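Trainee: let's see this in three dimensions:
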Amino acid sequence: MSKTALLIMDLQNGILDRVPTASSLLPLYATTIASARASSIPIIYIKLGFRPQHPDVSPLNKMFERIKPFGGFIEGSDATAVHPSIAPIEGDIIVTKRRVSAFASTDLELVLRSLGVQRVVVAGVSTSGVVLSTVREAADRDYGVTVLRDLCFDGDEEVHRVLVEKVFPKQADVVTAGEWAAGLKGVEEVKEE
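Mentor: Now for the predicted structure:
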């Protein structure tokens, strides 16, 4: 089995505050993270964060230009903290991004290559944002990709449905978190024999 890493993307306070079902999703994220840790799969938290006064946000960037007047997502602020119920522990890796994709403007690929990772498992908010951008870029960089469809959320349910049912399967395996975790248990049982 190729070396795998679990990417937990944008599950930070400033984003989860805008997700109405966040409190019901967090226990499933926690269970999935625990399953990955039990299988010695590296957990990489991808967070959105900017420098004070946002010098890293171009006025041409429509998405991020909107947060500048509010001083949003400054590194070290509560908005950039991962929700405490799924917070990183010692040994987990944190990557701060300044754009939508987990690869853009980060050292994620350096970390993945250094760990010998060949497959990324992605989960996060939003399906049409960080998940879509990261799946496309990971596939273009020749990583195997698995999308945990029930651990992705989008404000537009139809967009989420189209992405997980029609778009992602062209570049990734799309499964539930439970299906993925069950596959991990099967691998552990084979190793023990």
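Trainee: only C-alpha atoms from now on, for both contacts and neighbour counts.
Mentor: Noted.
Trainee: give the rounded mean pLDDT of the single longest strand found in the chain.
Mentor: Scanning the chain for the longest strand, with DSSP state E as the assignment, gives strand 144-153. Per-residue pLDDT values across strand 144-153 average out to 97.
Trainee: next: stretch 36-52.
Mentor: Averaged across stretch 36-52, the pLDDT comes to 96.
Trainee: got the CA positions of it in CSV?
Mentor: C-alpha atoms of stretch 36-52 as CSV (Å, rounded to 0.1, in the frame of the first residue of the first chain):
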residue,chain,number,x,y,z
ALA,A,36,-5.7,7.6,10.8
ARG,A,37,-3.5,8.2,13.8
ALA,A,38,-4.1,4.5,14.9
SER,A,39,-2.9,3.5,11.5
SER,A,40,0.2,5.8,11.7
ILE,A,41,-1.1,7.9,8.8
PRO,A,42,0.3,11.4,9.0
ILE,A,43,-2.3,14.1,9.7
ILE,A,44,-1.7,17.4,7.9
TYR,A,45,-3.9,20.3,8.9
ILE,A,46,-4.2,23.0,6.1
LYS,A,47,-5.2,26.4,7.4
LEU,A,48,-5.9,29.7,5.8
GLY,A,49,-4.0,32.6,7.2
PHE,A,50,-2.6,36.0,6.2
ARG,A,51,-0.1,38.4,7.5
PRO,A,52,-1.2,41.6,9.4
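Trainee: ok, and what's touching it?
Mentor: Residues outside stretch 36-52 that contact it (Cα atoms under 8 Å, 6 or more residues apart in numbering): 3-12, 33, 56-57, 71, 73-75, 80, 82, 88, 92-99, 102, 181, 184, 188.
Trainee: swap in stretch 140-153?
Mentor: Residues outside stretch 140-153 that contact it (Cα under 8 Å, 6+ apart): 25, 28-29, 118-127, 131, 135, 138-139, 160, 164, 168, 171-177, 180.
Trainee: quick check: closest non-adjacent residue to residue 65.
Mentor: The shortest distance from residue 65 to any non-neighbouring residue, by Cα to Cα, 6 or more residues apart in numbering, is to residue 59 (5.7 Å).
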